[in-house]
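# pasting the structure only:
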């Protein structure tokens, strides 16, 4: 929404800086209480989806062998690429369909239960004597279903009152905590058997679908509560968001940050697992590698909500730019750490920096688009994010295979630094900051 639009909208005067909703002030109405309950349940759905996904990561080196692939990082790379390729293809499809139908919950349930079924199918392949190529196909189908549950749950969080930063902080908390739990539990299960994490993922995804069915589906009424003419939403979808991205450069900013941020996450999900387990580096077990990934995910999870709320108060500039710069530096540090305790401590710092920038980046999307295109906009954000994951897998896997771990970490961390410096003026222009801390960052 442009500045002119905001000045013409009387309801905009009730909002605080950077998309803060008036309900943040403590509105005790039943509607706000309902939003709080739905926020918790939707956070639980996102949590379960992430647990199911990350359960597989620590054991990928052994899992791909059990599914018929040769040992090595190349097979692990394609195993992850298959799922995220489907994420890229279908994220916006789910968002546009939900906007067109005016419903989200039934689609979330279908996505979660379908993803659970794909996990069961994947675990059945070795017993059927089918090869790794079939496993990759199952991963594609599972990814196409699972991204619906993930993306639409976050979109429904966007529809709630309470402040964009708080709502996206809830999503970030669930993402980080799910990744932390999934990495620790998945590593322990992988040490017991290569297929155990897959079976566990199926159970967790099924639980996500059942939990989603208890949430109030407000997509059909969100436009009314936000003062939008429902008739105007019928023809809005992904094309409108793409057109807006071309004509409103500000929307490209969070998309670019989302791409690079998730590129580094994809890099850690693949290269980090092999890096920490490689006998030439630290020689950890699958459980040890999972616990090390959790050193990143735990602070990333626990700090999402407070730092998301902070971005509501001070604006998005300082969290996005400062967080990204620090994130790039400490990512490089992990790759050049001379000893495991140093690498482990730096993984904690990676999580802190990620928690600073992630909810603010997602909240920028909500700040910049109107309610009737939120589904497609978040789908577009997830497309860029999933492309980032894909790039992280491909760049990380190929760079590590060709040059080794240290150059790969330097390349990925350097890219995070480059995007933060290149887009600093753009972030300042769309989110100049509020309050003393925000203004100091924006004016520095």
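The structure has been received and is ready for your questions. Not measured: the values here are computed from a predicted model.
# The strand or helix carrying residue 274 - what's its average pLDDT?
When elements are assigned from DSSP states H and E, residue 274 belongs to helix 273-277. Per-residue confidence for helix 273-277 averages out to 92 on the pLDDT scale.
# got a list of what residue 356 touches?
By Cβ atoms under 8 Å, 6 or more residues apart in numbering, the residues touching residue 356 are 303, 307, 319, 322-323, 326. All C-beta atoms are positioned from the backbone trio N, CA, C, and that covers glycine.
# low pLDDT regions in the protein?
For the chain, residues meeting the criterion pLDDT under 70 lie at 1-34, 161-165, 218-249, 372-376, 379, 432-444.
# Let's see if you can find the most crowded of the contacts of residue 356.
Taking other Cβ atoms under 10 Å to define a neighbour, the member of the contacts of residue 356 with the most is residue 319, carrying 31 neighbours.
# Please state the backbone phi and psi of that residue?
Dihedral angles phi and psi of residue 319 (degrees, to the nearest 10) take the values phi -60, psi -40.
# That one and residue 211: what is the separation?
For residue 319, the distance to residue 211 equals 30 Å [Cβ to Cβ, to the nearest Å].
# List the contacts of residue 180.
Taking Cβ under 8 Å, 6+ apart, we find residue 180 in contact with 293-294, 297-298, 300-301.
# Looking at those residues, state which has the most neighbours.
Neighbour counts for the contacts of residue 180, by other Cβ under 10 Å, peak at residue 297, which reaches 29 neighbours.
# Let me know the secondary structure of that residue.
helix (DSSP: H, G, I helix; E, B strand; the rest coil).
# What separation do you get for residue 410 and residue 417?
Per Cβ to Cβ, residue 410 is found 10 Å from residue 417.
# One more: residue 72?
30 Å.
# the more surrounded of those two?
Just comparing residue 72 and residue 417: by other Cβ under 10 Å the higher neighbour count belongs to residue 417, 18 against 14.
# coming back round to it: switch the contacts of residue 180 over to a markdown table; also include distance to residue 178.
Supplementary listing: these in a markdown table, determined by distance: Cβ to Cβ, whole Å:
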| residue | distance to residue 178 |
| --- | --- |
| 293 | 12 |
| 294 | 11 |
| 297 | 8 |
| 298 | 11 |
| 300 | 11 |
| 301 | 8 |
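# Which of those residues sits closest to residue 58?
Sorting the contacts of residue 180 by distance to residue 58 puts residue 293 at the head of the list, at 6.9 Å, by Cβ to Cβ.
# Quick check: chain neighbours aside, which residue is closest to that closest one?
Setting aside the residues directly before and after it, residue 293 is nearest to residue 183 in space (Cβ to Cβ, 6 or more residues apart in numbering), at 4.0 Å.
# May I ask which helix or strand encompasses the one you found?
For residue 183, the enclosing helix or strand under DSSP H and E is helix 164-192.
# can you check residue 386 too?
Here residue 386 is covered by helix 374-403, with elements defined by DSSP H and E.
# buried residues in the helix or strand following that helix?
Next helix or strand after helix 374-403 toward the C-terminus (DSSP H and E): helix 405-422. Under the neighbour-count criterion of 16 or more other Cβ atoms under 10 Å, helix 405-422 has 405, 408-413, 415-417, 419-420 buried.
# how big is the angle separating helix 405-422 from helix 374-403?
140 degrees (axes from the mean of the first three to the mean of the last three Cα atoms, to 10 degrees).
# got the buried residues for the helix or strand hosting residue 135?
Counting by DSSP H and E, the element that carries residue 135 is helix 132-158. Of the residues in helix 132-158, 132, 134-136, 138-158 count as buried by neighbour count, 16+ other Cβ under 10 Å.
# That helix - contacts with which helices or strands?
Helices and strands in packing contact with helix 132-158 are listed as helix 30-54, helix 73-101, helix 105-128, helix 164-192, helix 196-212, helix 374-403; criterion 3 or more Cβ pairs under 8 Å, 6 or more residues apart in numbering; DSSP states H and E.
# can you put those in JSON lines and add distance to residue 333?
Formatted as JSON lines, the entries for the helices and strands packed on helix 132-158 read as follows, by distance: least, Cβ to Cβ, whole Å:
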{"stretch": "helix 30-54", "distance to residue 333": "23"}
{"stretch": "helix 73-101", "distance to residue 333": "22"}
{"stretch": "helix 105-128", "distance to residue 333": "35"}
{"stretch": "helix 164-192", "distance to residue 333": "20"}
{"stretch": "helix 196-212", "distance to residue 333": "29"}
{"stretch": "helix 374-403", "distance to residue 333": "17"}
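# Can you check which of those gets nearest to residue 351?
helix 164-192 (7.3 Å).
# Quick check: residue 383 touching residue 93?
No: using Cβ atoms under 8 Å, residue 383 and residue 93 do not qualify as a contacting pair, with a distance of 9.8 Å.
# quick one: which of those two has more around it?
Higher neighbour count among residue 383 and residue 93: residue 383, with 24 against 17, using other Cβ under 10 Å.
# And the more buried one, how far from residue 262?
Using Cβ to Cβ, residue 383 is found at 11 Å from residue 262.
# Kindly report the same for residue 345.
Distance check for residue 345 against residue 262: by Cβ to Cβ, it reads 24 Å.
# One more: residue 377?
Residue 377 sits 16 Å away from residue 262, going by Cβ to Cβ.
# Likewise for residue 326?
Taken as Cβ to Cβ, the span from residue 326 to residue 262 is 17 Å.
# and if you look at residue 55?
Between residue 55 and residue 262 the distance is 19 Å, computed by Cβ to Cβ.
# Between the two, which is the more surrounded one?
Ranked by neighbour count (other Cβ under 10 Å), residue 55 and residue 262 place residue 55 first, with 31 against 24.
# Pretty sure that one sits against residue 202.
No: under the contact definition of Cβ under 8 Å, residue 55 does not touch residue 202, with a separation of 9.8 Å.
# picking up where we left off before, need the max-distance pair from the contacts of residue 356.
Among these, the pair separated by the greatest distance (Cβ to Cβ) is 303 and 322, at 14.1 Å.
# quick one, what contacts the nearest residue to residue 118 once chain neighbours are set aside?
Leaving aside its sequence neighbours, residue 118 sits nearest to residue 142 (Cβ to Cβ, 6+ apart; 3.1 Å). Residue 142 makes contact with 83, 86, 114-115, 118-119, 121-122 under the criterion Cβ under 8 Å, 6+ apart.
# Pull out the buried residues from those residues.
83, 86, 114-115, 118-119, 121-122.
# Identify the residue spatially nearest to residue 115, adjacent ones excluded.
Residue nearest to residue 115 in three dimensions, not counting chain neighbours: residue 146, with 3.7 Å by Cβ to Cβ, 6+ apart.
# could you pull out the helices for the stretch 201-350 of the chain?
219-225, 238-247, 249-267, 273-277, 286-302, 304-314, 317-336, 340-368 (DSSP state H, counting those that start in this stretch).
# Give me the contacts around the fourth one.
Think helix 273-277. Residues outside helix 273-277 that contact it (Cβ under 8 Å, 6+ apart): 57-58, 60-61, 73, 76, 281-286, 288-289, 292-293, 335, 343, 400, 405.
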